[in-house]
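**Student:** just coords:
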């Protein structure tokens, strides 16, 4: 009878106890640890995130996850980007520190870095060496200026479609980051004239003055990531002035705001290159709405080494 009592007590302890690390993970002042328990991994993660959101009021995107788990005695380490799992709120700067299956429940600890995206990126990269960015347009953007302020130089960024990679970290470009990439830039070899502010439905023209010969491309990127190629690789000569569209045949470009949108920003970019480049790629798929926001990242790579001038048009109701 005594042996049965011992076994029973051991069994109850096994199913009711918590891992010794649970609620005992040390952390820095800017780190918030959320603990969660659930019958499944998903439930435990969600409960941990809810614990964090109960401590702070945020709703941001682009979650990074570094996951260390212990399940049935097996250790696993996964590093992944996760933007599909939903919880009480969307959190940025997340790191899944530990997952352990004990008894019949999952125990999860998630760390939230209560710092800005740029500082979080610098924190994660640490002392790893990163190449320097030489793209002159990108160097002038607000996003690269903020990176330089944190890193002390312009870190090399790789953009493939709408995925941005810095060092070993990749993430989907949010609208906030895209907005910091779409800026007005001057160039000594090009002048661009567009209105700065217009109302929805108004018409306007674009004027470009070219100060040297080459191949000129005119393209627009919208705040939601859509692109529109106006023309590509047009042969131009020194001091040539172009108007788009031609006022003799057209009334202008009509500004547009989607339903429910109060304001937006359109970026117009004129690119002058010594040789033809593959800008037609944007024209060939720009009519496929579902792929609009998948391609703008390629443009930043394509304009490297060319003269670029850009302007931002603000559109309001």
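**Tutor:** Received, thanks. Fair warning: this is a prediction, and the values are worked out from it, not measured in the lab.

**Student:** same question for the helix or strand where residue 118 lies, mean pLDDT?
**Tutor:** Using DSSP states H and E, residue 118 maps to helix 117-125. Mean pLDDT, helix 117-125: 82.

**Student:** mind listing what's buried in it?
**Tutor:** 117, 120-122, 124-125 (16 or more other C-beta atoms under 10 Å). Where C-beta positions appear, they are placed from N, C-alpha and C, glycine not excepted.

**Student:** domain ranges for the chain?
**Tutor:** For the chain, automatic domain parsing gives the domain ranges 2-113, 117-179, 182-316.

**Student:** lowest-confidence stretch among those?
**Tutor:** domain 2-113 (a mean of 68).

**Student:** Run through the strands of the stretch 201-317 of the chain in chain order.
**Tutor:** Under the criterion DSSP state E, counting those that start in this stretch, the stretch 201-317 of the chain carries strands at the ranges 203-204, 206-210, 214-222, 227-236, 240-244, 253-254, 263-273, 307-316.

**Student:** want to throw those into JSON lines with mean neighbour count?
**Tutor:** Formatted as JSON lines, the strands of the stretch 201-317 of the chain follow (neighbours: other C-beta atoms under 10 Å):
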{"stretch": "strand 203-204", "mean neighbour count": "14"}
{"stretch": "strand 206-210", "mean neighbour count": "19"}
{"stretch": "strand 214-222", "mean neighbour count": "22"}
{"stretch": "strand 227-236", "mean neighbour count": "17"}
{"stretch": "strand 240-244", "mean neighbour count": "15"}
{"stretch": "strand 253-254", "mean neighbour count": "16"}
{"stretch": "strand 263-273", "mean neighbour count": "21"}
{"stretch": "strand 307-316", "mean neighbour count": "20"}
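
**Student:** Pipe these into a markdown table and attach distance to residue 282 per row.
**Tutor:** Conversion of the strands of the stretch 201-317 of the chain to a markdown table gives the following (distance: least, C-beta to C-beta, whole Å):
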| stretch | distance to residue 282 |
| --- | --- |
| strand 203-204 | 21 |
| strand 206-210 | 17 |
| strand 214-222 | 6 |
| strand 227-236 | 4 |
| strand 240-244 | 16 |
| strand 253-254 | 17 |
| strand 263-273 | 11 |
| strand 307-316 | 15 |
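
**Student:** For residue 186, which of those is the nearest?
**Tutor:** strand 307-316 (6.3 Å; C-beta to C-beta).
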